[in-house]
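*Asks:* Pasting the sequence and the predicted model now:
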Amino acid sequence: MAAIFKRETKAYYTGMIGYVTAAVSLFFLGLYFTNRNLMYASSDFASVLYTTTMILLFLLPAISMRSFAEERRNKTDQLLLTSPVGIPSIVLGKFLAEFVVFAAPMIVAVVMPLILTAFGTVSLISAYSALLAYLLLGAACLAIGTWISALTENQIIAYLATFGVLLVAYLMNGIQTMFTSGNLLALIVFLVVLLIASVLVGVVCKSLTTGCAVFCVGGVALAVLFVLRPTWLLSAFDAVLSAMALFTPFNGVVGGMFSISAIVYYLSVIALFLFLTGQAIERRRWN
């Protein structure tokens, strides 16, 4: 894993991605810190991090898009997969390199709350709790982007798909308010999700029959729930939307509601998508 990590980290800074990411991150971090904290004498450093979350939608896909897509495009993935390094080590090494590229500029953010203490009282616990949640949020977004990169050999597609997923997650609070009622709407959305899942199952299994069987069984189950327990369907739908609201736990920390559940949520997202990445790579090895 160490060899993969060193190789990937060096590759980011051999090219322009590492330096551009650092420059953009430091520019907006310094801009909002100056505007919000220094010019208006505010001690709320968490609000600076909250403002920069929009920048993550553009930066993080640029970091993660090359992780596996570039290997496939350059036909070097087979050399990697036949090396003595295990797939979990490959995935973890690449992910940690991405995280280092994202987190390196945040060293400056560690100093910023200390600067504010020279001008008044600052809650360092609140500031560093927000910084921890910010790093975990970025790591979760990178894990999602790494998984998407493992599914394609085109970096542009990987970037756009990751950006789209993160944008939906960013807007999920507003989207969720549109679906606070309506069992029929929940049924329709679940059927669409089931259709997509069935197509993926059919593609993976290379069997149209299997995909159709999954859709039929799932459709019958959803229809039964809609008739007998419609409130269960709506509750499940709300739970799914809440789980997709990737930025909500971070917003809660910024609002002063730090909790262990936020950390567990982000660690769970990271673990889930790194596992899915490993499965995607394993499937490619055997194909």
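*Replies:* Happy to help now that I have it. Being a predicted model, the structure only gives us computed values, none of them experimental. Numbering: from 1, shown residues only.

*Asks:* Need phi/psi at the closest residue in space to Ile270 that isn't next to it in sequence.
*Replies:* The shortest distance from Ile270 to any non-neighbouring residue, by C-beta to C-beta, 6 or more residues apart in numbering, is to Ala143 (4.6 Å). Backbone N, C-alpha and C define where each C-beta goes, glycine included. Phi and psi for Ala143, reported as degrees, to the nearest 10, are phi -60, psi -40.

*Asks:* Name all residues that make contact with Ala143.
*Replies:* Phe95, Val269, Ile270, Leu272, Phe273, Leu274, Thr277 (C-beta atoms under 8 Å, 6 or more residues apart in numbering).

*Asks:* of those, closest to Val24?
*Replies:* Phe95 (20.9 Å; C-beta to C-beta).

*Asks:* Find the nearest non-adjacent residue to that closest one, please.
*Replies:* For Phe95, the closest residue by C-beta to C-beta, 6+ apart turns out to be Thr146, at 5.6 Å.

*Asks:* Show me the helices in the stretch 101-250 of the chain, by range?
*Replies:* Secondary structure of the stretch 101-250 of the chain by DSSP state H, counting those that start in this stretch: the helices cover 106-116, 124-149, 155-170, 172-177, 183-205, 208-228, 230-244, 248-254.

*Asks:* relative orientation of the second one and helix 155-170 in degrees?
*Replies:* Looking back up the chat, that one is helix 124-149. Counting by axes from the mean of the first three to the mean of the last three C-alpha atoms, to 10 degrees, helix 124-149 points 140 degrees away from the direction of helix 155-170.

*Asks:* list the buried ones in helix 124-149?
*Replies:* 126-127, 129-149 (16 or more other C-beta atoms under 10 Å).

*Asks:* average pLDDT for that helix?
*Replies:* Mean per-residue pLDDT for helix 124-149: 92.

*Asks:* swap in the first one?
*Replies:* In this model, helix 106-116 has an average pLDDT of 89.

*Asks:* Give me the distance from it to the chain's centre.
*Replies:* Here helix 106-116 is found 25 Å from its chain centre; the criterion is C-alpha atoms, centre = their mean, to the nearest Å.

*Asks:* what angle separates it from helix 124-149?
*Replies:* Here helix 106-116 runs at an angle of 160 degrees relative to helix 124-149 (the same axes, to 10 degrees).

*Asks:* Check the third one too.
*Replies:* Calculated by the same axes, to 10 degrees, helix 155-170 forms an angle of 140 degrees with helix 124-149.
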